[in-house]
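Student: Fold the stuff below for me.
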Amino acid sequence: MPKLYARRRLGALAAFTGLIASAGLLNGPAASAALPTPVSAATARSYLASLTVETESRTGYDRDLFPHWITQSGACNTRETVLKRDGSGVVTDSSCAATRGSWYSPYDGATWSAASDVDIDHLVPLAEAWDSGAGSWSTSRRQSFANDLTRPQLLAVTDNVNQSKGDQDPATWMPSRSAYRCTYVRAWVQVKYYYDLSVDSAEKSALQNNLANC
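Tutor: Below you'll find the predicted structure:
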């Protein structure tokens with residue numbers, strides 16, 4: 001084969017491989033994804049000022065009304081996708097379960113090497129969303145909220161920290177790692193604004209106070 005022709009074939013192959021990789025077809029769509037960055041503090045303050053303030057109601061809430069951990073790609077559901085996105089050196093088996101990796105929890109600064117020690121937190125909890133407007137949503141919209149990989153709504157954190165947070169809002173719970181609090185409240189406001197959810201008065205005050213320090 002002439003050298004020039006061979007080089008052209010190799011160049012074309014490299015370009016084709018690069019195109020496939022950039023489209024996420026070699027490692028799956030989660031391989032190159034990153035946790036979405038929240039809006040700026042100034043934008044968050046503007047968003048917060050526009051949110052409706054009203055008393056919350058949990059009447060009729062059931063976690064099952066928010067279908068979550070749906071299939072995202074191939075055998076991977078939302079939890080597995082976030083574990084792969086937020087971890088380092090994550091290895092998965094044929095069913096997409098993480099068998100090896102490292103996960104840093106921004107809430108408390110802990111690092112874990114077992115996926116079983118990590119929860120995927122709904123930054124704005126499902127119950128909190130219900131209290132502030134999601135009770136009137138369709139099941140489809142609640143599913144979109146519970147599996148949202150586009151907004152900064154899902155992230156891998158230490159399991160018992162997530163459990164201690166439960167369904168609390170920033171008036172009663174904030175990450176113990178103070179360096180993350182500004183990011184946390186910016187993300188919280190962005191999610192509430194995008195989904196047109198309300199805030200209660202104590203929640204709004206807590207958000208304002210924390211955003212003032214950003």
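Student: Could you report the pLDDT at the most centrally placed residue in the chain?
Tutor: Taking CA atoms, centre = their mean as the criterion, residue 154 is the residue nearest the geometric centre of the chain, at 2.0 Å. You'll see residue 154 listed with a pLDDT of 98.
Student: residues touching the closest residue to it other than its chain neighbours, list them.
Tutor: In space, and not counting its chain neighbours, residue 154 is closest to residue 82: 5.2 Å by CB to CB, 6 or more residues apart in numbering. Heads up, the C-betas are built off the backbone N, CA and C, glycines and all. Residue 82 makes contact with 120, 149, 154-156, according to CB atoms under 8 Å, 6 or more residues apart in numbering.
Student: any idea how far residue 82 lies from residue 90?
Tutor: Per CB to CB, to the nearest Å, residue 82 is found 11 Å from residue 90.
Student: Please flag which of the contacts of residue 82 sit within strands.
Tutor: 120, 154-156 (DSSP state E).
Student: which one of those residues has the most neighbours?
Tutor: Counting neighbours by other CB atoms under 10 Å, the top entry in the ones in strands among the contacts of residue 82 is residue 156, with 27 neighbours.
Student: need the contact list for the spatially closest residue to residue 167 that is not a sequence neighbour.
Tutor: Using CB to CB, 6+ apart and skipping the chain neighbours, the partner closest in space to residue 167 is residue 127 (3.8 Å). With contact set as CB under 8 Å, 6+ apart, residue 127 has these partners: 58, 61, 63, 167.
Student: From the chain's centroid, how far away is stretch 138-155?
Tutor: Here the centre of stretch 138-155 is set off from its chain's centre by 9 Å, with CA atoms, centre = their mean, to the nearest Å.
Student: And for stretch 83-97?
Tutor: Worked out by CA atoms, centre = their mean, stretch 83-97 lies 16 Å from the chain centre.
Student: Would you mark the buried spots in that stretch?
Tutor: For stretch 83-97, burial by neighbour count (16 or more other CB atoms under 10 Å) applies to 83-87, 90, 92, 96.
Student: start to end distance for it?
Tutor: For stretch 83-97, the first-to-last residue distance is 9 Å (CA to CA, to the nearest Å).
Student: contacts for it?
Tutor: 28, 30-31, 33-35, 74-77, 80, 98-104, 115, 118, 120, 149, 155-156.
Student: what do you get for stretch 152-160?
Tutor: So stretch 152-160 is contacted by 35-38, 78, 82-83, 86-87, 103, 105-108, 110, 112, 116-124, 145, 147-148, 187, 190-191 (CB under 8 Å, 6+ apart).
Student: before we move on, what about stretch 164-175?
Tutor: Residues contacting stretch 164-175 (CB under 8 Å, 6+ apart): 106-108, 121, 125-128, 181, 184-185, 188, 199-200, 202-203, 205-207, 210.
Student: picking up where we left off before, please flag which of the contacts of stretch 152-160 sit within helices.
Tutor: Within the contacts of stretch 152-160, membership in helices is found for 78, 82-83, 86, 145, 187, 190-191, as judged by DSSP state H.
Student: which one of the residues you listed is nearest residue 214?
Tutor: residue 187 (11.7 Å; CB to CB).
Student: Correct me if wrong: that closest one contacts residue 122.
Tutor: No - assessed by CB atoms under 8 Å, residue 187 is found out of contact with residue 122, at 11.3 Å.
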